[in-house]
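Q: sequence first, then the predicted structure, then my questions.
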Amino acid sequence: MFVLRKYNVIVPVSLSIALLMSGCNQNKVTQCQRLIQAVNEGNSLIDKNKGQQVITSLQLSKDLEAVTKSIEDLNLQDPKLKQYQSRFAKVFRNLSQAIAKAAKALSAAKTAEASESGREKLQKARTEIDTALTAVSKTAGKDSDKLVGELNKYCSQPE
């Protein structure tokens, strides 16, 4: 009789501890969903703000920096997902910095005067914009597309 009462206490307590621990430990699918959601947020910001003005570009840069921070703060346990997390954060950080640089150059171009020095200022700004956006679109775009494919492949594999 004493043994039966002992099991009446041990079994529910053990089950409660097991459920509590499994509830705290997120599985791969949940972690994948969180990372994909953060990446999609960043991609939608870019799509929504393509070809906008300086003020919007500066805001986009700030928004992408916030996305970078949210990706870094995901607290993923899966080692492979942590690698993807780090790589996506780097892509969005590079995009943010390039867009900010291009926006500043565009702002400088808008203040150029109608003079020889103003034309030089305008040409310099145009070169800075082209350099910043061309470099980032080639590298970040390809890196992001490649990473999305790899992440989707990894996340679709069974645990």
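A: All right, it came through fine. As the structure is a computational prediction, the values presented were derived from the model and not from experiment.
Q: tell me what the helix or strand harbouring residue 57 is packed against?
A: Assigned by DSSP states H and E, residue 57 falls within helix 54-72. Using 3 or more CB pairs under 8 Å, 6 or more residues apart in numbering; DSSP states H and E as the contact test, the elements touching helix 54-72 are helix 28-48, helix 79-110. The way it works is simple: take the backbone N, C-alpha and C, and place the C-beta from them, glycine included.
Q: redo those as a markdown table? Include mean pLDDT, mean neighbour count and distance to residue 142.
A: Output for the helices and strands packed on helix 54-72, formatted as a markdown table (pLDDT from 0 to 100; neighbours: other CB atoms under 10 Å; distance: least, CB to CB, whole Å):
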| stretch | mean pLDDT | mean neighbour count | distance to residue 142 |
| --- | --- | --- | --- |
| helix 28-48 | 88 | 16 | 14 |
| helix 79-110 | 87 | 19 | 10 |
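Q: got the ones you listed as a markdown table, with distance to residue 65 columns?
A: Listed next are those as a markdown table, based on distance: least, CB to CB, whole Å:
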| stretch | distance to residue 65 |
| --- | --- |
| helix 28-48 | 10 |
| helix 79-110 | 5 |
